[in-house]
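**Q** what's the 3D shape of this:
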Amino acid sequence: MKPPARIQPPNPSGAITIKEVAAQAGVSTATVSRVLAGLNGVAAQARDRVTRAVAQLNYHPNRLARGLRLGHRKVIGVIIPDLQNPFFTGVVHGVEAELYAAGYTLLLAHSDGLAEREQEQLSVLRGEGVAGLVFIPGNQPGANYESIRTWEIPVVAVDRSPGALEVDLVCSTNREGMRQAVNHLLSLGYEEIALLNGPEGINVTQERLGGYQDALRNAGKAVRQSFIIHSDFRQEGGYLAMPRLLDLAMPPRAVVVANNLMTLGALQAIHERGIRIPEELAVVCFDDMPWATSLRPPLTAVAQPTEELGRTAAQLLLERLKDPKRLVRQVVLPTRLMVRASCGARTALLTEPPGDAPPTETGGAPRQTNPCLPVKITSS
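**A** Coordinates of the predicted model:
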């Protein structure tokens, strides 16, 4: 059937409908639907007419209406605690990349680390009828995730365990990563090692504390409670907490800071005191970020596979969409210690020009020509 030569005017609402596309192309609405869905069974000539009609009319499918017709929406809800933290946005990037390839889009919500706001965002996403949920629990006092049990949609938690809620979980080796960081400092000769940690009650905080304690105890060192400071996971938290360590009668000679934003705040407090890194204080960060190599000295850091955490979470979600009854899974991804100059380790080759050497990774074969040399720890 030959299509009409004249483009039909839009309907009174201003939105082009699938019926108008079908009329323009001279085919049925079912044929238009099959073409838009990429299904077979449509003649090449009819497919071309539909494609031209869609372009001429500037037609955009109503995904909400289509989802309602099919009984589901191809939209996934995502909740993170802090939009300013590049770790969380890196996770979201990994989630989005994997789900986009599968034909899904994201509806992103931000809890700001507040239990009440987190519950509000969960309610909003439920009202939007999302097909699944990926979330990083705030785990703040008063947080309750029991309502998620009634959703009957796939749910995947990332980085933090949502209490007693049994859902798929993707996380990294927080305890082992912290243990590696402290062991590295011990190997360089440091003994007075402090931990600037996140809020108590969050499982990643407890895991990183456990790794810190493991390393000291395994080395026969005492765990000094005055060297363990809890604050929030933000830049201000690090800035306000760091002076509590610096003002001790016997301050530490090394500190491990439990996340990236806290490290920025801690570094600000250190620089304001005129303390030299690493000559007077060694610094290691948990969370490796692009700016870590731009600092002077470059920052030794425990790297988490940020985007891989997000991609893995999305893969688990897609698996559960296909098989809702499969057993709950927990995937733990490894961390890596990236050794740079802020802890006093030197890795520059004699044959290389002056400058910062590339980071090394723990777990691999040692680079015999690029050793970490012990640092001389000076007294204040």
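
**Q** Going along the chain, name the strands of the chain.
**A** 75-80, 105-110, 132-135, 155-158, 168-172, 193-197, 228-230, 254-257, 282-286, 300-303, 330-333, 336-339, 360-361 (DSSP state E).

**Q** Does anything pack onto the second one? Which helices or strands?
**A** With contacts taken as 3 or more C-beta pairs under 8 Å, 6 or more residues apart in numbering; DSSP states H and E, strand 105-110 sits against strand 75-80, helix 86-101, helix 115-127. Quick note: C-beta positions are derived from backbone N, CA and C, even for glycine.

**Q** Can you give me the domain boundaries for the protein?
**A** 18-61, 71-172+307-333, 175-304+336-361 (automatic domain parsing).

**Q** Serialize these to JSON lines and add fields for mean neighbour count and mean pLDDT.
**A** Listed next are the domains of the chain as JSON lines, based on neighbours: other C-beta atoms under 10 Å; pLDDT from 0 to 100:
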{"stretch": "domain 18-61", "mean neighbour count": "16", "mean pLDDT": "84"}
{"stretch": "domain 71-172+307-333", "mean neighbour count": "18", "mean pLDDT": "91"}
{"stretch": "domain 175-304+336-361", "mean neighbour count": "19", "mean pLDDT": "90"}
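
**Q** mind listing what the spatially most central residue of the chain touches?
**A** Residue closest to the mean C-alpha point of the chain, counted by C-alpha atoms, centre = their mean, is residue 91 at 2.8 Å. Contacts for residue 91 (C-beta atoms under 8 Å, 6 or more residues apart in numbering) come out as 80, 136, 158, 159, 306, 307, 309, 310, 313.

**Q** rerun that using 7 Å as the cut-off
**A** Taking C-beta atoms under 7 Å, 6 or more residues apart in numbering, we find residue 91 in contact with 136, 158, 306, 309, 310.

**Q** Repeat that for residue 111.
**A** 79, 81, 117, 118, 121, 138.

**Q** rewinding a little: how near is the residue nearest to the centre of the chain to residue 131?
**A** 19 Å (C-beta to C-beta, to the nearest Å).

**Q** Likewise for residue 150?
**A** 16 Å.

**Q** May I have the predicted confidence score for the nearest residue to residue 59 once chain neighbours are set aside?
**A** Excluding the flanking residues, the one nearest residue 59 by C-beta to C-beta, 6 or more residues apart in numbering is residue 16, at 4.5 Å. Here the pLDDT value assigned to residue 16 is 83.

**Q** ok, residue 16 touching residue 56?
**A** No: Residue 16 lies out of contact with residue 56 (C-beta atoms under 7 Å); the separation is 9.8 Å.

**Q** Verify the stated contact: residue 28 with residue 18.
**A** No: contact between residue 28 and residue 18 fails when scored by C-beta under 7 Å: they sit 10.1 Å apart.

**Q** Quick check: which of the helices and strands packed on strand 105-110 is nearest to residue 248?
**A** Among these, helix 86-101 comes nearest to residue 248, with 29.0 Å by C-beta to C-beta.

**Q** just the angle between the closest one and strand 168-172, please?
**A** With axes from the mean of the first three to the mean of the last three C-alpha atoms, to 10 degrees defining the directions, helix 86-101 sits at 130 degrees from strand 168-172.

**Q** what inclination does helix 86-101 have with respect to strand 105-110?
**A** Using the same axes, to 10 degrees: helix 86-101 against strand 105-110 is 160 degrees.

**Q** Helix 86-101 to strand 75-80, inter-axis angle?
**A** 170 degrees.

**Q** As CSV, could you dump the C-alpha coordinates of helix 86-101?
**A** Provided in CSV are the C-alpha atoms of helix 86-101 (Å, rounded to 0.1, in the frame of the first residue of the first chain):
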residue,chain,number,x,y,z
PRO,A,86,33.5,10.2,42.9
PHE,A,87,33.5,6.6,44.2
PHE,A,88,29.7,6.5,44.1
THR,A,89,29.5,8.3,40.8
GLY,A,90,32.0,5.8,39.4
VAL,A,91,29.8,2.9,40.6
VAL,A,92,26.8,4.6,38.9
HIS,A,93,28.8,4.9,35.6
GLY,A,94,29.5,1.2,35.7
VAL,A,95,25.8,0.4,36.4
GLU,A,96,24.6,2.7,33.6
ALA,A,97,27.1,1.3,31.0
GLU,A,98,25.9,-2.3,31.6
LEU,A,99,22.2,-1.6,31.8
TYR,A,100,22.2,0.8,28.8
ALA,A,101,23.6,-2.1,26.7
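
**Q** tally of neighbours for residue 173?
**A** Applying other C-beta atoms under 10 Å, we find 18 other residues in the vicinity of residue 173.

**Q** Helices of this protein, start to end?
**A** Taking DSSP state H as the test, the helices found in the chain are 18-25, 29-36, 44-57, 63-70, 86-101, 115-127, 174-187, 203-218, 235-246, 260-272, 306-322.

**Q** possible to save the ones you listed as a markdown table with distance to residue 143?
**A** Listed next are the helices of the chain as a markdown table, based on distance: least, C-beta to C-beta, whole Å:
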| stretch | distance to residue 143 |
| --- | --- |
| helix 18-25 | 43 |
| helix 29-36 | 41 |
| helix 44-57 | 46 |
| helix 63-70 | 30 |
| helix 86-101 | 17 |
| helix 115-127 | 4 |
| helix 174-187 | 19 |
| helix 203-218 | 12 |
| helix 235-246 | 19 |
| helix 260-272 | 21 |
| helix 306-322 | 19 |
